[in-house]
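# sequence-free structure coming up:
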């Protein structure tokens with residue numbers, strides 16, 4: 001399959017050509033470009049804007065997967081380093097209880113992560129080679145059953161749910 005002149009992609013531009021280097025045929029990181037996490041508003045806007053030029057954009061919205069980004073040892077170390085570098089005023093506002101709650105949340109998060117990365121790569125593969133790719137892909141049960149429905153709820157309701165389940169600063173109102 002070639003993105004160069006005369007290839008299948010030359011007939012109808014798609015995600016593989018969205019990227020912007022001088023040679024659209026040499027994107028070694030094209031999968032990365034298609035699934036960078038940005039806000040829904042930005043992705044939806046880009047998708048609609050590029051559709052005028054015949055470019056199809058597929059949004060891949062994964063849940064939690066075991067990767068270096070979700071490695072609890074790395075997250076705990078970085079969180080503690082940031083806390084140690086913070087001013088005493090900030091530490092007083094948030095309090096030690098906030099720190100302990102956040103560290104506990106980070107440890108629990110890794111237990112919820114899925115190890116099967118093929119769920120994401122299967123979505124990427126379908127988005128890249130399907131004749132009729134979907135606009136949105138949700139990889140993982142947490143994305144399908146929690147995050148996707150959350151994205152359709154009113155903001156005030158999502159905020160209320162998150163306020164209940166996240167740690168609060170010591171000097172919060």
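Here it is on my side, so go on. Fair warning: this is a prediction, and the values are worked out from it, not measured in the lab.

# can we go C-alpha only for contacts and neighbour counts from here?
Fine.

# for the biggest helix by length in the chain, packing partners?
For the chain, the longest helix by residue count, based on DSSP state H, is helix 88-112. Using 3 or more C-alpha pairs under 8 Å, 6 or more residues apart in numbering; DSSP states H and E, the elements in contact with helix 88-112 are helix 72-85.

# quick one on the thing from earlier: got the contact list for the longest helix of the chain?
Here helix 88-112 makes contact (C-alpha atoms under 8 Å, 6 or more residues apart in numbering) with 64, 66, 70-72, 75-76, 79, 83, 167-172.

# And those, which two are furthest apart?
Greatest spacing in the contacts of helix 88-112, by C-alpha to C-alpha: 66 and 171 (34.0 Å).

# These two: which has the busier surroundings?
Just comparing residue 66 and residue 171: by other C-alpha atoms under 10 Å the higher neighbour count belongs to residue 66, 17 against 9.

# ok and the longest helix of the chain relative to helix 72-85, angle-wise?
170 degrees (axes from the mean of the first three to the mean of the last three C-alpha atoms, to 10 degrees).

# what's the next secondary structure element after helix 88-112?
Per DSSP states H and E, helix 88-112 leads on to helix 118-129 as the next helix or strand towards the C-terminus.

# from the chain's centre, how far out does that next one sit?
Distance of helix 118-129 from its chain centroid, counting by C-alpha atoms, centre = their mean, to the nearest Å, is 15 Å.

# buried sites along that helix?
Residues of helix 118-129 classed as buried: 119-120, 123-124, 127-128 (neighbour count, 16 or more other C-alpha atoms under 10 Å).

# where's residue 106 relative to residue 45, distance?
32 Å (C-alpha to C-alpha, to the nearest Å).

# Quick check on those two: which one has the bigger neighbour count.
With neighbours defined as other C-alpha under 10 Å, residue 106 and residue 45 compare such that residue 106 has more, 17 against 11.

# what about the more buried one, distance to residue 128?
Relative to residue 128, and taking C-alpha to C-alpha, residue 106 is found at 33 Å.

# Quick check on residue 132: phi, psi?
Dihedral pair for residue 132: phi -130, psi 80, per degrees, to the nearest 10.

# Show me how far stretch 115-128 is from its chain's centre.
Distance, centroid of stretch 115-128 to centroid of chain: 14 Å (C-alpha atoms, centre = their mean).

# same deal with stretch 77-86?
Counting by C-alpha atoms, centre = their mean, stretch 77-86 is centred 24 Å from the centre of its parent chain.
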